[in-house]
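Peer 1: need a structure here:
(2 chains)
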Amino acid sequence: MATTKHAVDLTVNGESAQVMVEARRTLADVLREELGLTGTKLGCEHGVCGACTVIVDGRTARSCLMFAVQANGCEITTVEGLDTDGKLDFVQQAFTENHGLQCGFCTPGVLMSVHSFLKNNPNPSEEEIRIELSGNICRCTGYQNIVKSIAAAAAASR
Amino acid sequence: MKPAPFAYHVPNTIDEALAILGNDPDGSRLLAGGQSLVPMLNLRLANFDNLIDINHISGLDHIRIESDSLVIGALTRQYDVAHNDDVRNRLPVLSNALAHIAHTAISNRGTIVGSLCHADPAAELPAVLTAVGGELVVQSAAGTRTIRANDFFNSSFTTAINPNEVATEVRFDLAGGTSGWSFEEVARRHGDFALVGVVIQMTLEKNAISDVRIVVFGVAATPQRITDAEKRLIGQTLNDATLDQAVADVAAALSPPDDIHATAQYRRHVAGVLVRRGLLRALEDANSSA
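Peer 2: Residues are numbered from 1 along each chain as shown, chains lettered A, B, ... in the order given. Here you go, the predicted model:
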């Protein structure tokens, strides 16, 4: 099987990038290995754990289930794009204040999910928060403080 | 990176896609949302020489009401169908089922048609299509044909679509008259595949059941209709005796799998509980629509 490389142009956190990649490289591979943006984590690599969640053209996507060639021409936001000159954004701040993370491995994916979620639903119930969070697995916190952090972020966004 | 190498194709029209597919039908696979296919590639459960990405083909992203059908295109994302008012008003069982499916990041990309073609035995959408009725529209170089829901699911992950065909849309039947539905599911975690699920579509005439479809999923290679129970319920009303008989018919019809998630005995029991509950809910829904 030929391993042809494809030219991919994409915008990541507001900066344009060009890479040459094999079709089988996922968007997560390119973010981490070609662009050095290792904030995006790879957990299960089959769409279950949510650690690799990024925002593609305004909507969350599993970057392990999207080939980088498919992101040609897309705008991507990763966890590295959230802060402003080192100042945490409101979701990151809420997680910091409410102990919303322990080891932090799931946190980048959670933060991206929460951003998209609060944009569509700025005033979620606890049940809605828990349903949304079902797409991101955390093995440390038992979720209590993540739910609390999301509620605090929602309050801060209003 | 986990998948084996493949050649990637990005056609702009159906005809281009069909031409590429025609070169090597058995070694090629269509890529739409990729939320089932890419996990299989990543786990190396599947391996194709050619992936044909249909995301750049126009005319495949639509939700339309056409006379007695709800029509959904091959590229229409599950998230958009779940949040569509026409779907909520005309086929609420589909909106309700979608609330049980996957997580936001998955439904943002995953398609309705893709899930039907993937034909996972534990998936919700094949069961919904089997219960409400409808058809897949598929295209090949030879032309277009339709496949009715009852003829579509052959076995686990296997449908009646030929390797040289592209599914372009699904058409769900819209029930008329005094009709109701229910959707019941038991899963380990919200958004996960069902351990057992039940979809029921019921029509009433003069307060008796004139038509009913009872579909159980997660218990066999394809969504399973409980035809004995369906036949026996025609002309009946629901009471303890008819409900007990339906539950007995469910238990007799099913030979569910034993696996790490649940035993066969547990699945058979839960299927009976869900069918009883689902019949009552479908009746209530039909009465409220009258």
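Peer 1: Could you use CA atoms for every contact and neighbour count after this?
Peer 2: Noted.
Peer 1: can you pull the contacts of the residue of the stretch 151-290 of chain B found nearest chain A?
Peer 2: Using CA to the nearest CA, B:His190 is the residue of the stretch 151-290 of chain B that sits closest to chain A, at 6.4 Å. Shown in contact with B:His190 (CA atoms under 8 Å, 6 or more residues apart in numbering or on different chains): A:131, A:134, B:100, B:102.
Peer 1: quick one: what helix or strand has it in it?
Peer 2: Under the criterion DSSP states H and E, no helix or strand holds B:His190.
Peer 1: Likewise for the one 5 residues further on?
Peer 2: B:Leu195 is part of strand B:194-205 when elements are defined by DSSP H and E.
Peer 1: Give the buried residues for that strand.
Peer 2: Under the neighbour-count criterion of 16 or more other CA atoms under 10 Å in any protein chain shown, strand B:194-205 has B:194-204 buried.
Peer 1: close to chain A, is it?
Peer 2: No. Judged by CA under 8 Å from any CA of the partner chain, strand B:194-205 makes no contact with chain A; its nearest approach is 14.8 Å.
Peer 1: Sheet-wise, list the partners of that strand with their directions.
Peer 2: Paired with strand B:194-205 in the same sheet, following DSSP bridges, are strand B:178-187 (antiparallel), strand B:208-217 (antiparallel).
Peer 1: Serialize those to TSV and add fields for mean neighbour count and mean pLDDT.
Peer 2: Below are the strands paired with strand B:194-205 laid out as TSV (neighbours: other CA atoms under 10 Å in any protein chain shown; pLDDT from 0 to 100):
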stretch	mean neighbour count	mean pLDDT
strand B:178-187	22	95
strand B:208-217	23	97
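Peer 1: and of those strands, who's closest to B:Pro163?
Peer 2: strand B:208-217 (25.4 Å; CA to CA).
Peer 1: Out of the contacts of B:His190, list just those in helices.
Peer 2: If you go by DSSP state H, the contacts of B:His190 have A:Ile131 in helices.
Peer 1: Filter the contacts of B:His190 down to the ones in strands?
Peer 2: If you go by DSSP state E, those have nothing in strands.
Peer 1: Looking at the contacts of B:His190, which one is closest to B:Glu184?
Peer 2: B:His100 (9.7 Å).
Peer 1: which residues sit against stretch B:213-231?
Peer 2: Stretch B:213-231 is contacted by residues B:119-124, B:126-127, B:130-132, B:153-156, B:194-202, B:211-212, B:245-246, B:249-250, B:253-257, B:267, B:271, B:275 when judged by CA under 8 Å, 6+ apart.
Peer 1: now swap in stretch B:10-25 and tell me
Peer 2: With contact meaning CA under 8 Å, 6+ apart, stretch B:10-25 is reached by B:28-29, B:52-58, B:140-141, B:163-166.
Peer 1: Could you tell me how far A:Cys140 is located from B:Ala17?
Peer 2: As for A:Cys140, its distance to B:Ala17 is 46 Å (criterion: CA to CA, to the nearest Å).
Peer 1: actually B:Ser210, sorry about that
Peer 2: Shown here: B:Ser210 relative to B:Ala17, a distance of 44 Å by CA to CA.
Peer 1: mind showing which ranges of chain A have poor pLDDT?
Peer 2: A:1-2 (pLDDT under 70).
Peer 1: just the helices in chain B please.
Peer 2: With DSSP H as the criterion, chain B has helices spanning B:14-23, B:37-42, B:78-82, B:85-90, B:92-98, B:104-107, B:112-118, B:124-132, B:149-152, B:227-233, B:240-253, B:264-289.
Peer 1: Run through the residues that contact residue 151.
Peer 2: Picked chain A for this. Counting by CA under 8 Å, 6+ apart, A:Ala151 has contacts A:124, A:126, A:129.
Peer 1: let's do chain B instead
Peer 2: Neighbouring residues of B:Asp151 by CA under 8 Å, 6+ apart: B:Ala160.
Peer 1: Now do it, the pLDDT please.
Peer 2: Looking at B:Asp151, its pLDDT is 97.
Peer 1: do the same with B:Met1
Peer 2: So, for B:Met1, pLDDT stands at 66.
Peer 1: Tell me how many other residues surround the residue lying closest to B:Tyr8 once chain neighbours are set aside.
Peer 2: Of all residues not flanking B:Tyr8 in the chain, B:Leu51 sits nearest, at 5.1 Å (CA to CA, 6 or more residues apart in numbering or on different chains). A total of 21 residues lie near B:Leu51 under the criterion other CA atoms under 10 Å in any protein chain shown.
Peer 1: Same question for B:Glu230.
Peer 2: 18.
Peer 1: Would you mind stating the distance between it and B:Arg213?
Peer 2: 6 Å.
Peer 1: rewinding a little: just flag the most distant two among the contacts of stretch B:10-25.
Peer 2: B:Ser58 and B:Pro163 (21.7 Å).
Peer 1: and these two? which has more neighbours close in?
Peer 2: When B:Ser58 and B:Pro163 are compared for neighbours, B:Pro163 comes out ahead with 16 against 11, by other CA under 10 Å.
Peer 1: Quick check: nearest residue in space to that one, chain neighbours excluded?
Peer 2: Of all residues not flanking B:Pro163 in the chain, B:Pro25 sits nearest, at 5.1 Å (CA to CA, 6+ apart).
Peer 1: And the one you found, how close does it get to chain A?
Peer 2: 17 Å (CA to the nearest CA, to the nearest Å).
Peer 1: Which pLDDT value goes with that residue?
Peer 2: We have a pLDDT of 96 for B:Pro25.
Peer 1: how many other residues sit next to it?
Peer 2: Neighbours of B:Pro25 (other CA under 10 Å): 16.
Peer 1: can you check the one 4 residues further on too?
Peer 2: Neighbour count of B:Arg29, defined by other CA under 10 Å: 20.
Peer 1: now B:Arg145
Peer 2: Neighbourhood size, B:Arg145 [other CA under 10 Å]: 13.
Peer 1: contacting residues for it?
Peer 2: Applying CA under 8 Å, 6+ apart, the residues near B:Arg145 are B:137-139.
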